[in-house]
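Novice: just to be clear, the model below is a prediction. Sequence and coordinates:
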Amino acid sequence: MNRDQKGRAVKRQDFKGWVRRSATLAAFLGYVIWHPATAAAHQQPSLDGVWKLVPSITKLVPAGGGDIPFSAQGRTDYQENRASAAKGNFDFDQTKSTCSSPGLPRLMLIPDRFRIFQRERIVTMMFEWNSQLRQIDMRGGPEERPPADSMNGVSYGRWEGDALVVKSLGFLPGKLLDGVLPSSESLELHERIRLKDKNTLDDQVTITDPVNFTRPWKAILTYKRQADEQFPQDLCLDRKKAGQPVLPR
């Protein structure tokens, strides 16, 4: 092969390499353009891991201090619940009396650990206590009330910067926000869940329930990262049979 033939062969190889690189770049750009949600998902912070409420609290308090803005009905039910609890009568508390799901936001107050599995279309929280599950729909569909209410309602999530913003609604009436605070079927929760640092997770919960409160109010829950370990079985009915507290302390 003479010098001219070698030169033409090198040029052909260079051209083929350029075509391959161009095709690869075009495919990548096309993927990003046609799949913006997927591309954006890789830019979001990862909430994956095991978390625990620290410090452990049993009741919600307004962020920044002040009083809970009870309506007349809400204050009456709250005072009745407190009086019953002081007497050891927990008939008003479906979780302690029947082991039913605590609902939201009370589930987020349980002092046992929970694990977050973050995926593009769904974020799942798996709780150590009673093997409870909470799922947050990340598909971007309409945030509608479900046809039938449920213990945990439905949760719709989206990303706003580094914050996971969650709207939850469709709750059964008669659930408690914590150990004594009442709620109604009108309850809506709005959460901003974000990493304060790599080992601290903040959940700013805004509670809207016009039956029990005169205006929306906010509480802040803080969680600390825990060791990534398997959860032991911790079932509510087993606790009741053993004469132990239904909820961990």
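Specialist: Good, I have the coordinates.

Novice: least trustworthy helix or strand in this structure by mean pLDDT?
Specialist: The weakest-scoring helix or strand in the chain, judged by mean pLDDT, DSSP states H and E, is helix 36-41 (a mean of 44).

Novice: what stretches of this structure score poorly on pLDDT?
Specialist: 1-42 (pLDDT under 70).

Novice: show me what contacts residue 210?
Specialist: 71, 186 (C-beta atoms under 8 Å, 6 or more residues apart in numbering). In short, each C-beta sits where N, CA and C put it, glycine included.

Novice: so it sits in a helix?
Specialist: No - per DSSP: H, G, I helix; E, B strand; the rest coil, residue 210 lies outside any helix segment and is coil.

Novice: quick one: it and residue 187, what's the gap?
Specialist: Residue 210 sits 9 Å away from residue 187, going by C-beta to C-beta, to the nearest Å.

Novice: could you do residue 150 as well?
Specialist: Applying C-beta to C-beta to residue 150 and residue 187 gives a distance of 12 Å.

Novice: what's the overlap in contacts for the two?
Specialist: residue 171.

Novice: who has more neighbours, those two?
Specialist: residue 187 (27 against 12; other C-beta atoms under 10 Å).

Novice: contacts only, for the more buried one.
Specialist: 153, 169, 171, 175, 177, 207, 208, 209.

Novice: could you redo the last one with a cut-off of 7 Å?
Specialist: 171, 209 (C-beta atoms under 7 Å, 6 or more residues apart in numbering).

Novice: just residue 245 next, same as before
Specialist: Here residue 245 is in contact with residue 239 (C-beta under 7 Å, 6+ apart).

Novice: that one: what secondary structure?
Specialist: Taking three-state DSSP, the label given to residue 245 is coil.

Novice: same check on residue 76?
Specialist: Going by three-state DSSP: residue 76 is helix.

Novice: measure it to residue 180 for me?
Specialist: Distance from residue 76 to residue 180, by C-beta to C-beta: 12 Å.

Novice: who has more neighbours, these two?
Specialist: Using other C-beta under 10 Å as the criterion, residue 76 and residue 180 rank with residue 180 on top: 20 against 13.

Novice: show me where this protein has strands.
Specialist: For the chain, strands defined by DSSP state E occupy the ranges 49-53, 114-118, 122-127, 133-137, 154-160, 163-169, 188-197, 200-208, 217-226.

Novice: in the sheet, which residues pair with residue 150? Tell me.
Specialist: Note on residue 150: beta-bridge partners residue 171, judged by DSSP bridges.

Novice: can you list the domains in the chain?
Specialist: With domains defined by automatic domain parsing, the chain comprises 3-34, 49-241.

Novice: any chance of the ones you listed in CSV, plus distance to residue 247?
Specialist: CSV is the format used below for the domains of the chain (distance: least, C-beta to C-beta, whole Å):
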stretch, distance to residue 247
domain 3-34, 47
domain 49-241, 6
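
Novice: closest one to residue 248 among those domains?
Specialist: Residue 248 sits nearest to domain 49-241 of all the domains of the chain, at 5.0 Å, using C-beta to C-beta.

Novice: any idea how many residues pack against residue 234?
Specialist: 15.

Novice: thought it was touching residue 129?
Specialist: Yes - under the criterion of C-beta atoms under 7 Å, residue 234 makes contact with residue 129 at 5.4 Å.

Novice: need the overlap of contacts for those two.
Specialist: With C-beta under 7 Å, 6+ apart as the test, residue 234 and residue 129 both reach residue 112.

Novice: measure stretch 125-132 end to end?
Specialist: In stretch 125-132, first residue to last residue: 8 Å (C-alpha to C-alpha, to the nearest Å).

Novice: what residues are bridge-paired with the residue nearest to residue 140 when sequence neighbours are not counted?
Specialist: Excluding the flanking residues, the one nearest residue 140 by C-beta to C-beta, 6 or more residues apart in numbering is residue 158, at 6.7 Å. Using DSSP bridges, the bridge partners assigned to residue 158 are residue 165.
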